[in-house]
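Student: the sequence isn't on hand, but the structure is:
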């Protein structure tokens, strides 16, 4: 084998290794970007879930827990339940 043939073979191997390393680095970047996107989606979903819980609690506070009737704006008591308590007494 001549020296130029050996150098050519070495160069081909080196180039193949460099291409493989470049592809691996690109794959690592893609993997990290995917992980970051998944974390952002998870954080967004958690925030939306907590907002939904707060919204349901706010809506539930507008209705009587006993009978489900709408509560008057200024009072924390349901007129229907108050009337039932008065009739029972």
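Tutor: On my side now, so go ahead. The shown structure was predicted, so the numbers you read here are calculated from the model rather than taken from an experiment. Numbering: from 1, shown residues only.

Student: return the distance of whichever strand or helix holds residue 44 from the chain's centre.
Tutor: Assigned by DSSP states H and E, residue 44 belongs to helix 3-60. How far helix 3-60 lies from its chain's middle: 17 Å, per C-alpha atoms, centre = their mean, to the nearest Å.

Student: any weak-confidence spans in this protein?
Tutor: Scanning the chain for pLDDT under 70 picks out 73-77, 80, 82-89.

Student: near the nearest residue to residue 72 once chain neighbours are set aside, how many other residues are there?
Tutor: Leaving out its chain neighbours, the residue that sits closest to residue 72 by C-beta to C-beta, 6 or more residues apart in numbering is residue 79, at 6.6 Å. The C-beta positions use only the backbone N, C-alpha and C, and glycine is treated the same way. The number of residues packed near residue 79 is 14, by other C-beta atoms under 10 Å.

Student: in this structure residue 79 contacts residue 69, no?
Tutor: Yes: using C-beta atoms under 8 Å, residue 79 is in contact with residue 69, at 7.5 Å.

Student: tell me the centre residue of the protein?
Tutor: residue 42 (2.2 Å; C-alpha atoms, centre = their mean).

Student: any idea how far that residue lies from residue 32?
Tutor: Using C-beta to C-beta, to the nearest Å, we find residue 42 at a distance of 16 Å from residue 32.

Student: surely residue 78 touches residue 62?
Tutor: No: in this structure, residue 78 is not within contact of residue 62 by C-beta under 8 Å, at 10.9 Å.

Student: shared neighbours, these two?
Tutor: Common neighbours of residue 78 and residue 62 (criterion: C-beta atoms under 8 Å, 6 or more residues apart in numbering): residue 71.
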